[in-house]
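**Q** Here is my input; please provide its structure:
(one chain, ligands or ions: 2)
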Amino acid sequence: MNSIFNKKSLRLFGGLLSGSLACVNPSFAKEGMKVPPTVVQSQRDIIAAGLEIPVETLYNTDGSGINNAVVIFGRGCTGEIISGQGLLLTNHHCGYGTVQGLATTQNDYFANGFWAMNNVQELPCPGLTVTFIRVMEDVTKRILTGLTDEMRDGERDSIISVRIKNLEKGFRFLYKKDAAIKSFANGNQYWAIISDTYKDIRLVGFPPNGIGAFGGDTDNWSWPRHTGDFSMFRVYADAKNNPAEYNPNNKPYQSKEFLTINTNGYKEGDFTLVYGFPGVTQEYVSSMQLEQVVNIIDPIRIEARTKRLNVWTDYMHQDRNVFLKYTSKRAGVANGWKKWQGEVMGLKRNNAVEKKIIAEHQFQDWANSSPDAPLYAKDLLAKIQVKSASRDAIIATNEYIREAVLGIEIIGLGAELDKILDVMDANLNPQISKDSIAKIVKNTASFYKNYDAKTDQSIFSALMPLFIEKAKNFVPAYYRSELARFGGSYQDWADYVYSNSIATKADNLTSLTRSQIINDPVWKLYDAISTLRNEKIIPALSSFNDSLARFNRLYMKSQMLKSKYQDLYPDANSTLRIAYGKVKGIDPEGSSGYAFQTNLDEAVTKHNPDVAEFTLPAKLLNLHKEKDYGRWAVNGTVPIAFIADNHTSGGNSGSPVLNAKGELIGTNFDRVWEGTMSDYNFDDRWCRNISLDVRYTLFIIDKLGGAGWLLKEMRFAPAASKK
Ligand code: ARG
Ligand code: GLU
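**A** Ligands and ions are numbered 1, 2, ... in the order given. The predicted structure follows:
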């Protein structure tokens, strides 16, 4: 037996073998996020799965492919073009930040929604961009030719970065468009991405939170779901239809390619395809790294966030002011918290680590005996094992610092005090120094706007013990001596910090002296932790990550060789991908009663005027009472959301969900938390993406928003008998 398999792994390995063998070979049938130009190579699979249009329709470079209707929306979401006039559909939560910038107490779009009734009323959104992907070209050979696996990393990296720069320049010149070359499959593939980024984007429609965020954090990552998670924008272009900065004279972008909408419905088992920009997946990592996610990283994050959320929730309940300051922060913290819980549960239930160990045994056999195996493959896993194991404590400490220490907001503010100190120590001209400090102080305004010191003091008492007890030898001497000074009482320590620090109030920052800063308890806490990070944690982590990046590149390369490139698709990296599967309930035969689709009647049952997250707008309740559904009625109600087994990830929010004919039937917005392990281990028994039914979107636009004028520019598939 190879040395990489420690006692624990062996025990698990034995246990699994005596159990069900059926689990050993995970089905790759539905897994995968394919790079669009590569789908044609395995087109038999997608046709067998149900696609009824030529594969070339999904992606081509002559401008007529569906790729021209799927866009990067803002930073990190997907959107789709649904008219010839640049009309764009994405999620409500993707437009949320932009709308926050446009909303005021007089124009509270979160409470009342927003609907433009013509082009003139559409609202410019400063800073928002939309990117179209025109061409993706495999440039692996051009980047990697002549490079060997034995080469030193530094040498290799510098050759690659020069080649990338030159190629990008060439592509920009050739296409007269933006060009970027991105690394795929841990540096084993490179693709050039030729794109257009439009910068004049305007808000067209935004349902009130009672629809667009219905169910809030409570229902987030959950099924059944009743959230109308959509918003609409329009792309504007200059007189030549090209990207331009905002200008009132710009015209709606003339989109040659846009999606046809199909409102005939779908049934369980129907083909679906999700086209979008998934962010990060790691399906090919070693069991050792996956173990660190399951046993170290995720549990620490969950534990620290549970404490943080409990305190926040308490204070938010007691004081509406605190609620308003913390609601958006809370949503972000809770989003990861819930996702990681699902991830750990799913990975454990699915024996994901053990399955990887089995696959690694097979890999080792292949490396030892196959003539195809490169020499370096033999001791690759052993090297990864050594590197991984020696870094457990560093990884854990890093997480405790990020989630526990920096979860105490005031300690993070110490960084600003530190910047002020740097300016003071730089011996600048007094006026320049004064201006620089004023600028730093001004930038803290957004922090204080959403900060409550009393709440944060309780967070200190809740999170500091976690760090001190768990980070052991790494705990800075200053932290230990302070705790001792207060006789081991975290409460007394917190009391001292929050009653003595200058950092709890914005006003205190305007006229500080050097000695005030260096004697301040918040600055001292910050200084000690950043010294720890800079001297011990970051150097160790980067050396770990550098070696692992090399091993992972070689491991990926040998996995590709071993599989003869079958069934292998590169991990998600925020580039355009295609995933396909079918409409499918969770455990539809089981007793849980999960269905594949939800509807308005169920949403109304959930309606609760006492809980903001579950309060439907009066107008919607009225439409329901009157059964005033117009052409959007299906079996006496309106469908809201559906689930399918497409392989998606964060970044796929807002992605178009297409039927077998390539027509739009929904907009992706979430996954079920039981299946969030799919970022490491997709399994169609539990992994489901959640999509908004396009008929609910249209019903809300038409009947609730009264913005029926938008329907006229859309293209609809001919009506069929309703499913
Ligand atoms: N879980 C979804 C995602 O990861 C939706 C998040 C926004 N919704 C919320 N209730 N926080 O982005
Ligand atoms: N809500 C996620 C997003 O904004 C998509 C859900 C997921 O992670 O699959 O990207």
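**Q** buried ones in the top helix by length along the chain?
**A** Assignment by DSSP state H gives helix 320-349 as the longest helix of the chain. By 16 or more other CB atoms under 10 Å, the buried positions in helix 320-349 come out as 322-323, 325-326, 330, 333-347. Bear in mind the C-beta positions are built from the backbone N, C-alpha and C, glycine included.
**Q** tally of neighbours for S446?
**A** 9 (other CB atoms under 10 Å).
**Q** Quick check: it vs ligand 2, distance?
**A** 23 Å (CB to the nearest ligand atom, to the nearest Å).
**Q** can you check D178 too?
**A** With CB to the nearest ligand atom as the criterion, D178 and ligand 2 are 23 Å apart.
**Q** Kindly report the same for F184.
**A** Per CB to the nearest ligand atom, F184 is found 20 Å from ligand 2.
**Q** Stretch 535-554: which residues count as buried?
**A** 537, 540-541, 544, 547-548, 550-554.
**Q** tell me the contacts of the residue in the chain that ligand 2 sits nearest to?
**A** Of all residues in the chain, S653 sits closest to ligand 2, at 2.9 Å by CB to the nearest ligand atom. Residues in contact with S653 (CB atoms under 8 Å, 6 or more residues apart in numbering) are 76-78, 90-91, 93-94, 668-670.
**Q** go on, I211?
**A** 92, 113, 227-228, 616-617, 620, 700, 704.
**Q** out of those, which is most surrounded?
**A** G228 (29 neighbours).
**Q** Need the nearest residue in space to whichever residue of the stretch 251-400 of the chain sits closest to ligand 1, chain neighbours excluded.
**A** Using CB to the nearest ligand atom, the single residue of the stretch 251-400 of the chain nearest to ligand 1 is A331, 4.0 Å away. Nearest non-adjacent residue to A331, counting by CB to CB, 6 or more residues apart in numbering: D217, 5.8 Å away.
**Q** and the helix or strand hosting the one you found, anywhere near ligand 1?
**A** Assigned by DSSP states H and E, D217 falls within helix 216-219. Yes: legend: contact between helix 216-219 and ligand 1 by CB under 6 Å from any ligand atom is shown at 216-217.
**Q** Among the contacts of I211, which lie within helices?
**A** Counting by DSSP H, the part of these found in helices is 92, 620.
**Q** Do a quick rundown of the helices in the stretch 301-450 of the chain.
**A** 320-349, 352-369, 380-389, 392-399, 409-425, 430-443, 445-449 (DSSP state H, counting those that start in this stretch).
**Q** Dump these to a markdown table, plus mean pLDDT.
**A** Listed next are the helices of the stretch 301-450 of the chain as a markdown table, based on pLDDT from 0 to 100:
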| stretch | mean pLDDT |
| --- | --- |
| helix 320-349 | 92 |
| helix 352-369 | 97 |
| helix 380-389 | 92 |
| helix 392-399 | 95 |
| helix 409-425 | 97 |
| helix 430-443 | 95 |
| helix 445-449 | 92 |
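**Q** Need those helices in CSV (columns: distance to G585).
**A** CSV is the format used below for these (distance: least, CB to CB, whole Å):
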stretch, distance to G585
helix 320-349, 18
helix 352-369, 23
helix 380-389, 38
helix 392-399, 36
helix 409-425, 42
helix 430-443, 49
helix 445-449, 43
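**Q** how much space is there between T263 and E31?
**A** 30 Å (CB to CB, to the nearest Å).
**Q** ugh, typo on my part, it should be L600
**A** 33 Å.
**Q** Ok, N646 next?
**A** Taken as CB to CB, the span from N646 to E31 is 10 Å.
**Q** Tell me which of the two has more neighbours.
**A** Shown here are N646 and E31; by other CB under 10 Å, N646 has more neighbours (32 against 21).
**Q** Would it be right to say that the more buried one lies in a strand?
**A** No: counting by DSSP: H, G, I helix; E, B strand; the rest coil, N646 is located in no strand; its state is coil.
**Q** shouldn't it be in contact with I578?
**A** No: the criterion here is CB atoms under 8 Å, and N646 misses it with I578 at 9.6 Å.
**Q** what residues are shared contacts of the two?
**A** 273-274.
**Q** low pLDDT regions in the stretch 501-650 of the chain?
**A** 565, 567, 588-594 (pLDDT under 70).
**Q** For the stretch 51-200 of the chain, just list every one of the helices.
**A** Under DSSP H, counting those that start in this stretch, the stretch 51-200 of the chain gives helices at 92-102, 109-112, 140-144, 153-175.
**Q** just the helices in the stretch 451-600 of the chain please.
**A** Under DSSP H, counting those that start in this stretch, the stretch 451-600 of the chain gives helices at 453-470, 477-485, 490-500, 514-518, 521-532, 538-563, 600-606.
**Q** Can you tell me which of those helices is most buried?
**A** For those, the largest average neighbour count (mean count of other CB atoms under 10 Å) is found in helix 521-532, namely a mean of 21.
**Q** How far away from the center of its chain is stretch 532-552?
**A** 24 Å (CA atoms, centre = their mean, to the nearest Å).
**Q** Next: stretch 109-125.
**A** With CA atoms, centre = their mean, you get 27 Å for stretch 109-125.
**Q** just to revisit the earlier point, can the helices of the stretch 451-600 of the chain go into CSV with extra columns for distance to ligand 2?
**A** Shown next, in CSV, are the helices of the stretch 451-600 of the chain (distance: least, CB to the nearest ligand atom, whole Å):
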stretch, distance to ligand 2
helix 453-470, 26
helix 477-485, 36
helix 490-500, 35
helix 514-518, 39
helix 521-532, 31
helix 538-563, 23
helix 600-606, 19
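**Q** Relative to M232, which of these is closest?
**A** Smallest distance to M232 across the helices of the stretch 451-600 of the chain (CB to CB): 20.0 Å, for helix 600-606.
**Q** now for that closest one, which elements pack on it?
**A** Under the contact definition 3 or more CB pairs under 8 Å, 6 or more residues apart in numbering; DSSP states H and E, helix 600-606 sits against helix 618-625, strand 639-644.
**Q** picking up where we left off before, any idea which of the contacts of I211 is closest to G212?
**A** H92 (3.2 Å).
**Q** ok so, going back, any idea how far the residue of the chain closest to ligand 2 lies from G63?
**A** For S653 relative to G63 (CB to CB), the value is 26 Å.
**Q** again with I459
**A** Taking CB to CB, one finds I459 at 53 Å from G63.
**Q** Same check on S678?
**A** Between S678 and G63 the computed distance is 33 Å (CB to CB).
**Q** again, but for P609
**A** 51 Å.
**Q** Return the residues in contact with M424.
**A** 433, 437, 514, 517.
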